[in-house]
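Q: let me see the structure of the following:
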Amino acid sequence: MLILWFLQIFFLNTYYRETKIAETQRVASSIIAKYGQDDFFDELSKVTRRNDIYIQIEAHFENTDLLLYSPYSDPGVTDAQEGETIRPFPVYRKEIQAIREDLFSHNAHDVVSFIENPLRDNEMLAYCVYLDKTEDQSVLLYIFSPLYPVESTIDILAGQLRYVTVISLLLAFLLSFYLARMITRPLTNITKSAAQLAEGRYGITFEEGGYSEIAKLAEILTYTSKALQEADNMQKNLIANVSHDLRTPLTMVKSYAEMIRDLSGNDPDRRNEHLQVIIDEADRLNLLVSDLLELSKMQSGRQTLTITSFSLREAVENVLASYSIFAEQEGFQLELAADGRGMIIGDESKIKQVLSNLITNAIKFSDKEKTVKVTLLEKSGFIRCAVTDCGIGIQKKDLKNIWQRYYRASSNHRRSGEGTGLGLSIVKEILILHNARFGVESEPGKGSTFWFEIQQ
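A: Numbers count the residues shown, from 1 in each chain. Have a look, this model is predicted:
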């Protein structure tokens, strides 16, 4: 409103003058472009009537002034050709002389001046420019444009602006009050819900507002709340599972130690049997702690890789050789299908750990058909490694969660064996460190295929 008042009231007169100057200069340019044409004087009459201006043209040479055109007399071309001197119209004589002297003295291209209109009680814009200029003569174009008083217009605008200002400010206040409530109400609710989230109350649904940005914020916070609830549940499950896995071997160690103390201390065979159980349970505890520490190091970014170029095929063969006992004692068929050496870039020991964990899972969850197949397929720039079993398979709803620590699939049917429940989590973290793609394809009752793709 302040800017509008300033422009319309205080700046209007200046703006009006600048606009008239620009308009007059534009008319002068069009006249200069027509100069010398046959219909030049007819065009001057049209321009005079159309723009409500006065035009006068003079020629000056050898201290002689000739009036070539004036709105108060016919064009003086004939008189000028006969050498007769025609004086300017008396009303503008002084003004024209002053403008002409200003033009000549400053050697300017044009002159703009404001004079009193002798015919009307108002100001007039006087503009002078060279229509033609040579060493011997100069033809000057004078344009006089009346400036009408703007005081009455300013008074009218001021009266209108008073109403406009009051109405606009009232509407602006109502609109801002409405917008403020539309924005602050959902933000207030989001703030309250965020405070509950900070207190540990997860799973909160944040109320969405009427604007897309607020709705998006509420959606993200709701997702965050659910993710925190899921992470909290996973943490509780992890603590429960680790506590269980630690308690079982510790109970066994304590029980068998008491048996050695009370019962089998003097019986070498039974004592050795009980001691072996203690050793096995201690190894199980050591494996669990080692897996937890390794997983923690990888997830915290403190795990470093020893990057080399090695044969993935040879790595698979070495790992499969360590599982030959399952082929000898339990009839497993361990197969490898590969072409070429399959050279890749990575940490050989970590990739072998990935292969070992995947093959262990394949054996652990195998059913009646005891076949585990490892397939290596070379593609452009990377190698795809897949470990396939013919076991119990995985339910579709469990596929996205099997990479989580201690996640238990829906099916409890599994082969007996030892493990920490962290194998696939470690596989995931190692493959992420290698920037490898990985996944699983499975169908209940038909087996599973775990795969990863690593750069050559």
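Q: before we move on, which element is the residue most central in space within the chain in?
A: Centroid-nearest residue in the chain: residue 213, 13.7 Å away (criterion: Cα atoms, centre = their mean). Secondary structure assignment for residue 213, by DSSP states H and E: helix 212-259.
Q: list the helices and strands that helix packs on?
A: Applying 3 or more Cβ pairs under 8 Å, 6 or more residues apart in numbering; DSSP states H and E, one finds that helix 212-259 makes contact with helix 151-198, helix 268-299. Every C-beta, even on glycine, is put in place using the N, C-alpha and C of the backbone.
Q: quick check: next helix or strand after the shortest one?
A: This points to helix 268-299. strand 308-311.
Q: now that next one: average pLDDT?
A: Averaged over strand 308-311, pLDDT sits at 90.
Q: mind listing the strands for the stretch 301-450 of the chain?
A: For the stretch 301-450 of the chain, the strands defined by DSSP state E, counting those that start in this stretch occupy 308-311, 333-337, 343-346, 371-379, 382-389, 437-443, 447-455.
Q: any chance of these in TSV, plus mean neighbour count and distance to residue 160?
A: Formatted as TSV, the strands of the stretch 301-450 of the chain follow (neighbours: other Cβ atoms under 10 Å; distance: least, Cβ to Cβ, whole Å):
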stretch	mean neighbour count	distance to residue 160
strand 308-311	14	83
strand 333-337	14	89
strand 343-346	19	78
strand 371-379	18	76
strand 382-389	21	75
strand 437-443	16	70
strand 447-455	20	74
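Q: looking at the ones you listed, which is nearest to residue 133?
A: Nearest of these to residue 133, taken as Cβ to Cβ: strand 447-455 at 79.7 Å.
Q: would you mind finding the most buried of the helices and strands packed on helix 212-259?
A: Mean neighbour count (mean count of other Cβ atoms under 10 Å) peaks for helix 268-299 among these, with a mean of 15.
Q: isn't residue 187 up against residue 213?
A: No. Residue 187 is beyond contact range of residue 213, at 10.5 Å (criterion: Cβ atoms under 8 Å).
Q: burial measure for residue 327, as a count.
A: 14 (other Cβ atoms under 10 Å).
Q: could you find the closest non-adjacent residue to it?
A: residue 334 (5.9 Å; Cβ to Cβ, 6 or more residues apart in numbering).
Q: isn't there a strand covering residue 203?
A: No. Looking at residue 203 with DSSP: H, G, I helix; E, B strand; the rest coil, it is coil, so not inside a strand.
Q: dump the residue contacts of it.
A: 225-226, 229 (Cβ atoms under 8 Å, 6 or more residues apart in numbering).
Q: mind putting the residues you listed into TSV with distance to residue 277 and neighbour count?
A: Shown next, in TSV, are these (distance: Cβ to Cβ, whole Å; neighbours: other Cβ atoms under 10 Å):
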residue	distance to residue 277	neighbour count
225	47	20
226	44	14
229	41	15
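Q: would you turn those into CSV with distance to residue 158?
A: CSV is the format used below for the contacts of residue 203 (distance: Cβ to Cβ, whole Å):
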residue, distance to residue 158
225, 58
226, 61
229, 64
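Q: can those go into a markdown table with extra columns for pLDDT?
A: Supplementary listing: those in a markdown table, determined by pLDDT from 0 to 100:
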| residue | pLDDT |
| --- | --- |
| 225 | 81 |
| 226 | 80 |
| 229 | 78 |
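Q: count the neighbours of the closest residue to residue 346 other than its chain neighbours for me.
A: Once flanking residues are discounted, residue 346 sits nearest to residue 434: 5.1 Å by Cβ to Cβ, 6+ apart. A total of 21 residues lie near residue 434 under the criterion other Cβ under 10 Å.
Q: I'd like to know how far residue 434 sits from residue 454.
A: Separation of residue 434 from residue 454 (Cβ to Cβ, to the nearest Å): 6 Å.
Q: please apply the same query to residue 433.
A: Taking Cβ to Cβ, one finds residue 433 at 11 Å from residue 454.
Q: same check on residue 446?
A: 26 Å.
Q: any weak-confidence spans in the stretch 351-456 of the chain?
A: 405-421 (pLDDT under 70).
Q: now with 50, please.
A: Along the stretch 351-456 of the chain, the parts satisfying pLDDT under 50 run over 410-417.
Q: and what of the stretch 51-200 of the chain?
A: For the stretch 51-200 of the chain, counting by pLDDT under 50, the residues that fall below are 73-90.
Q: domain ranges for this structure?
A: As given by automatic domain parsing, the domain ranges for the chain are 2-149, 308-455.
Q: and residue 429, how many neighbours?
A: 21.
Q: if I look at it, how far off is residue 438?
A: In terms of Cβ to Cβ, residue 429 sits 11 Å off from residue 438.
Q: name the helix or strand for residue 48, please.
A: Here residue 48 sits within helix 40-51, counting by DSSP H and E.
Q: tell me what that helix is packed against?
A: Secondary-structure packing of helix 40-51 (3+ Cβ pairs under 8 Å, 6+ apart): helix 12-34, strand 54-61.
Q: residue 282: which of those is closest?
A: Closest approach to residue 282 among the helices and strands packed on helix 40-51 is made by helix 12-34 (94.6 Å; Cβ to Cβ).
Q: need the residues that contact that closest one.
A: 7, 40, 43-44, 47, 51, 53, 55, 110, 112, 114, 125, 127, 129, 131, 141, 143, 145, 147, 150, 153-154, 157.
Q: could I get the domains of the chain as TSV with distance to residue 178?
A: Listed next are these as TSV, based on distance: least, Cβ to Cβ, whole Å:
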stretch	distance to residue 178
domain 2-149	23
domain 308-455	45
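Q: pick the most deeply packed of the ones you listed.
A: Highest mean neighbour count among the domains of the chain (mean count of other Cβ under 10 Å): domain 308-455, with a mean of 17.
Q: chain center to it, what's the gap?
A: 39 Å (Cα atoms, centre = their mean, to the nearest Å).
Q: so what's the residue nearest to residue 327 up against?
A: Counting by Cβ under 8 Å, 6+ apart, residue 334 has contacts 320, 323-324, 326-327, 359, 372, 374.
Q: okay, the helices and strands packed on helix 212-259 in JSON lines with distance to residue 97 next?
A: Shown next, in JSON lines, are the helices and strands packed on helix 212-259 (distance: least, Cβ to Cβ, whole Å):
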{"stretch": "helix 151-198", "distance to residue 97": "31"}
{"stretch": "helix 268-299", "distance to residue 97": "95"}
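Q: make a markdown table out of the strands of the stretch 301-450 of the chain and add distance to residue 68.
A: Listed next are the strands of the stretch 301-450 of the chain as a markdown table, based on distance: least, Cβ to Cβ, whole Å:
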| stretch | distance to residue 68 |
| --- | --- |
| strand 308-311 | 96 |
| strand 333-337 | 105 |
| strand 343-346 | 92 |
| strand 371-379 | 90 |
| strand 382-389 | 90 |
| strand 437-443 | 89 |
| strand 447-455 | 89 |
